[in-house]
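Participant: got a sequence here, can you build the structure:
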Amino acid sequence: MKMTMSELEAEYIRRSPRSKQLFDLACKLTPAGVHSNIRFFKPYPLFAARGEGSKISDVDGNEYIDYVLGQGALFLGHAHPNVVKAVQEQAAKGSIYATANELEVKLAHKVAKMIPCAEMVRFANSGTEALMHAVRVARAYTKRDKIVKFEGAYHGFWDDLYVGVSLPFDKPMSSGIPSSVAGNTLLLEFNKLEVVERAVRENQVAAIVVEPVMGAGGSGIAAGVEYLKGLREISTDNGIALIFDEVITGFRMAPGGAQQYFGVVPDLTTLGKILGGGYPVGALAGKREIMQTIDPTKEGVRRWECAQHGGTFCGNPITMAAGLATLEEIDRAGGQLNNRVARLCGKIRKDLNDLFLRYRVKARAIGVGPSLGVFFTDGELKDARGLLSNDEEKRVAHCIWLITKGIWHPPIKGWYVSTAHKDADIQALIDKTEDFLKTTRS
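Facilitator: Numbering: from 1, shown residues only. Here you go, the predicted model:
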């Protein structure tokens, strides 16, 4: 028997009365009842109570296998013992000092050891902040204004980069962004070198910003290796700063991120998510010559000649402790943790695609290595334009169905697997998806 969306939502509501109560209260205090617009979905978001390993529990006592994992931040899973221990020990010593601390140095050293392009590092508080600073530094270094970004790529909520993330690409992503600001951003099709070459010929470009594997705008859609090599060559030949947005792929694709995985080294990279071990973080890392554009201590440099960067909580010791404990786990494993997550993601992709074929469903599980996306289309997904054929209603229904069956994945595009996931967790996703296909086939 086919289940309708209203029936799915009714089951969701039945399971989560306390979340509904909290949501109703939150709506009186907060726009849409959430503190990040992406967290809202119909009929209302679940309110979490705790997380451990690969599981998350809500305020109604329901437990779920988590495939969101803090939107990719929890590579080691919830409440990893070593991360918890590091945070507890530091919390007892203080949370912020408003001056430098030793953990900043240790974590920067670890990042420099692991990330190929990271000759120097500056910490921030989020991926959005890291991208803001990356573009500022690139502009200061090149003395140019325009930046290239690609359709479907999400680089945070900053005005200059918050364009062309979701279809339709010709409409603003938000009100309140002046057209004069967006005019400095060149929005191009992804995975097509010829459009980049043309844009660079016709404009004075400061930076090319690219996600090696798309996240929020098209989870699992990967850049081709030759495409990334082409961007590297174009950037080098034209004095452009090549920026890899590795807020999601950093330390996930490999210990050294996507630049290690694909073998292409950018000038600058932005980091976040995994770097903070579950705590707010961002970082800008890159070549020494470019990063020193930030340095205000060089003799003869005036304030307006320096790419200013700062923030009260940048490098705060709680985040530094959590990040260091996380990166030590990943670095110590020498790629084995990354390979394990890649194996689990590969199993999900294979088994889901086998199911879609068997049930004659227009759907695809995509991604490379430890990345994953699930879309209800049989079209080619080399760029975000391929999502025009995606059956969004069915994708959302699949997500709500999974939640009612104990698998946490709200209707966002990003899918994530942690080192804490077991084979049984993966099999549960496959089995519940097959049940969904049985209920929705004609």
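
Participant: which stretches of the chain have low pLDDT?
Facilitator: 1-2, 442 (pLDDT under 70).

Participant: so what does M132 have for phi and psi?
Facilitator: For M132, the backbone dihedrals (degrees, to the nearest 10) come out as phi -60, psi -50.

Participant: residue contacts, it?
Facilitator: If you count contacts by Cβ atoms under 8 Å, 6 or more residues apart in numbering, M132 has them with 156, 158, 160. In this view, the C-beta of every residue, glycine as well, is placed from N, C-alpha and C.

Participant: look up how far R139 lies from the closest residue to the second one other than its chain neighbours.
Facilitator: Spelled out, that is W158. For W158, ignoring the flanking residues on the chain, the nearest one in space by Cβ to Cβ, 6 or more residues apart in numbering is M132 at 4.9 Å. Distance of M132 to R139, given as Cβ to Cβ, to the nearest Å: 11 Å.

Participant: ok, G51 next?
Facilitator: Noted for G51: a distance of 39 Å to R139, by Cβ to Cβ.

Participant: and if you look at N62?
Facilitator: 48 Å.

Participant: do the same with L161
Facilitator: Plainly put, L161 is 13 Å away from R139 if you go by Cβ to Cβ.

Participant: same thing with L69?
Facilitator: Applying Cβ to Cβ, the value for L69 to R139 is 34 Å.

Participant: which one of the two is surrounded by more residues?
Facilitator: Ranked by neighbour count (other Cβ atoms under 10 Å), L69 and R139 place L69 first, with 26 against 20.

Participant: ok, that one - contacts?
Facilitator: By Cβ under 8 Å, 6+ apart, the contact list for L69 reads 75, 77-78, 416-418.

Participant: farthest pair within those residues?
Facilitator: Farthest apart among those by Cβ to Cβ are H78 and V417. That separation is 13.2 Å.

Participant: who has more neighbours out of these two?
Facilitator: When H78 and V417 are compared for neighbours, V417 comes out ahead with 28 against 22, by other Cβ under 10 Å.

Participant: assign the more buried one to helix, strand or coil.
Facilitator: coil (DSSP: H, G, I helix; E, B strand; the rest coil).

Participant: now for it: which residues touch it?
Facilitator: Applying Cβ under 8 Å, 6+ apart, the residues contacting V417 are 67, 69, 341, 344-345, 348, 370, 372, 426.

Participant: try it again at 10 Å.
Facilitator: Residues counted as contacts of V417 (Cβ atoms under 10 Å, 6 or more residues apart in numbering) are 54, 66-67, 69, 72, 75, 77, 252, 340-345, 347-348, 370-372, 425-426, 429.

Participant: tell me the secondary structure for the residue lying farthest from the centre of the chain?
Facilitator: In the chain, G300 marks the outermost C-alpha relative to the chain mean, sitting 39.1 Å out by Cα atoms, centre = their mean. Here G300 is recorded as coil under three-state DSSP.

Participant: please report how far it lies from C306.
Facilitator: Using Cβ to Cβ, G300 is found at 11 Å from C306.

Participant: could you dump stretch 382-398 to PDB, C-alpha only?
Facilitator: C-alpha atoms of stretch 382-398 as PDB (Å, rounded to 0.1, in the frame of the first residue of the first chain):
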ATOM      1  CA  LYS A 382      28.300  16.000 -13.200                       C
ATOM      2  CA  ASP A 383      27.100  19.400 -12.000                       C
ATOM      3  CA  ALA A 384      24.200  21.000 -10.000                       C
ATOM      4  CA  ARG A 385      22.200  21.500 -13.200                       C
ATOM      5  CA  GLY A 386      21.700  17.800 -13.300                       C
ATOM      6  CA  LEU A 387      19.500  18.200 -10.300                       C
ATOM      7  CA  LEU A 388      16.800  19.900 -12.500                       C
ATOM      8  CA  SER A 389      15.400  16.400 -13.000                       C
ATOM      9  CA  ASN A 390      15.500  15.400  -9.400                       C
ATOM     10  CA  ASP A 391      12.100  14.400  -7.900                       C
ATOM     11  CA  GLU A 392      12.400  16.600  -4.800                       C
ATOM     12  CA  GLU A 393       9.000  15.400  -3.400                       C
ATOM     13  CA  LYS A 394      10.200  11.800  -3.400                       C
ATOM     14  CA  ARG A 395      13.600  12.700  -2.000                       C
ATOM     15  CA  VAL A 396      11.900  14.500   0.900                       C
ATOM     16  CA  ALA A 397       9.500  11.600   1.400                       C
ATOM     17  CA  HIS A 398      12.400   9.100   1.600                       C
END
